[in-house]
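Participant: dropping the sequence and predicted coords here.
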Amino acid sequence: MALDSVRPDGVTASSQDQQGPKTAFGSWAFAFGPFASDPWSFQRVCQYVAEAGYDGIEINGFRPHPHQDDFNSDEKTRRLRAQIDSLGLGISAFAPDMTSAPPTTSSEAVYLRLVDGARAFCERMGITTLRVDSVSPPVVLDNDDYEARFARMAANFTAAAKRLARSGVQLVWEFEPGFWLNSPSEVVRLLKAVEGDNFGVLFDTSHALTSARGKRQTPPVELLEGGAVEYARLLKPWVRHLHLIDSVGVLHDDETSEHLPFGTGEVDFDAVMDELGATATGLDWWTVDYCFWPDTERDGVAGAQFVRDLAARHRRA
C-alpha cells in the first residue's frame, strides 16, 4: 500500500501513521457458501473492501479469485497488484487451492509442487503469509493409519515451511471442525511436531469456539470449558495469524464452523485479545472472515469498524 493513499471512502491510509494491526477482509466470503453459484469477481470484492474501510484484502486462491496457476508470470501479477494498489489496499495473506494434494497423504514432492506455485505467487505479489489446512475431513482411523497420516502431514508442513522461508513467507495452518486434526491435544501435538520457526497456527475465533465444544471431533471428544479464550491460552505460543468473526459454537451445514456478524454470537473478543496480548497486537494484520454468511455485503461494513475499535482498545492496553 502506498504510504499516503486515499481509499474510495475518502479515508487517508498511512502506514507511517497507523499503529498496530491493520484490518483485512477475506475475499472467499463472496465466493463460497451462499455466493458459490454466483461469486463476486475479485475486482468487485476489492472495491467493496476499500469502500467498507478495510486496510487490505486476504486473497482466496480458489477460482474465480486469483489462482496461482492463472497468475504465473511477472506481468500478470504486476497487473493484479496494480489493481489492488489502486484502491489503497494491502494484502494480508494468500489462501491457495491445495485440495489436489492433501498433506496427510501426498508425497513431499507432490505437496511441494503446489507450495512452490503458491510461493512464486507470493514472491511476485509481496505477500508474506501463506495459509493451509489439512484438506482431509475428520474420520476415525486405526492407530497405524492415524500415525502415518500425522507423520506425513507434519513432514509436509516442515518441508513447506522451510521452502517458504527462502522467500520470506511464513506458513500458517488453520485448524477447524471440518478438517482432520481438530481436537485441542491434536492441534498442539501437530504444532510441536513441525520443525523450524517459520510455521505457526492461524487462530480463527469461530473455529476456536466451535472446536472447543467438540464439534466433529473423533473420539475421545475433548472440551474446553473456557471456549475460545481457553483455546487462545493453549495456542498462544504458536499464533502467527488471526481470523476474527463471531460464533455460537455450532456447525454450518454440519460441516465446519458457522460464521456470524460481530455482536450476534458468544465470542468474547476482548477476553481473547487480553489472553493473546502482544502475540495479537504484534501482528501486522487482523483478518475478518465472513465465510458462508449470506448478508456479508451489509454486515461487512460494520465488521471493519468493530475490528478497528477492538485493535484500538488493545493497542492502548
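Facilitator: Arrived safely. Residues are numbered from 1 along each chain as shown.
Participant: now name the helix or strand holding residue 117.
Facilitator: Assigned by DSSP states H and E, residue 117 belongs to helix 108-125.
Participant: just checking, what packs against that helix?
Facilitator: strand 56-61, helix 74-85, strand 90-96, strand 129-132, helix 143-165 (3 or more CB pairs under 8 Å, 6 or more residues apart in numbering; DSSP states H and E). (Each C-beta comes from the backbone N, C-alpha and C, glycine too.)
Participant: return the most buried member of these.
Facilitator: Stretch with highest mean neighbour count among the helices and strands packed on helix 108-125: strand 56-61 (a mean of 26; mean count of other CB atoms under 10 Å).
Participant: how about the helices and strands packed on helix 108-125 in TSV, adding distance to residue 203 and mean pLDDT?
Facilitator: Formatted as TSV, these follow (distance: least, CB to CB, whole Å; pLDDT from 0 to 100):
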stretch	distance to residue 203	mean pLDDT
strand 56-61	14	98
helix 74-85	25	98
strand 90-96	13	98
strand 129-132	12	98
helix 143-165	16	98
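Participant: JSON lines please, covering those and showing distance to residue 221.
Facilitator: Shown next, in JSON lines, are the helices and strands packed on helix 108-125 (distance: least, CB to CB, whole Å):
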{"stretch": "strand 56-61", "distance to residue 221": "31"}
{"stretch": "helix 74-85", "distance to residue 221": "42"}
{"stretch": "strand 90-96", "distance to residue 221": "28"}
{"stretch": "strand 129-132", "distance to residue 221": "25"}
{"stretch": "helix 143-165", "distance to residue 221": "16"}
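Participant: who wins for proximity to residue 300 among the ones you listed?
Facilitator: For the helices and strands packed on helix 108-125, proximity to residue 300 was assessed by CB to CB; strand 56-61 is nearest, at 11.7 Å.
Participant: how many degrees apart are that closest one and strand 90-96 in direction?
Facilitator: Strand 56-61 and strand 90-96 are oriented at 20 degrees to each other (axes from the mean of the first three to the mean of the last three CA atoms, to 10 degrees).
Participant: what's the angle from strand 56-61 to helix 74-85?
Facilitator: Using the same axes, to 10 degrees: strand 56-61 against helix 74-85 is 140 degrees.
Participant: ok now strand 56-61, how far from the chain's centre?
Facilitator: On the basis of CA atoms, centre = their mean, to the nearest Å, strand 56-61 sits 9 Å off its chain's mean C-alpha point.
Participant: circling back to that earlier point, out of the helices and strands packed on helix 108-125, nearest to residue 291?
Facilitator: strand 56-61 (9.4 Å).
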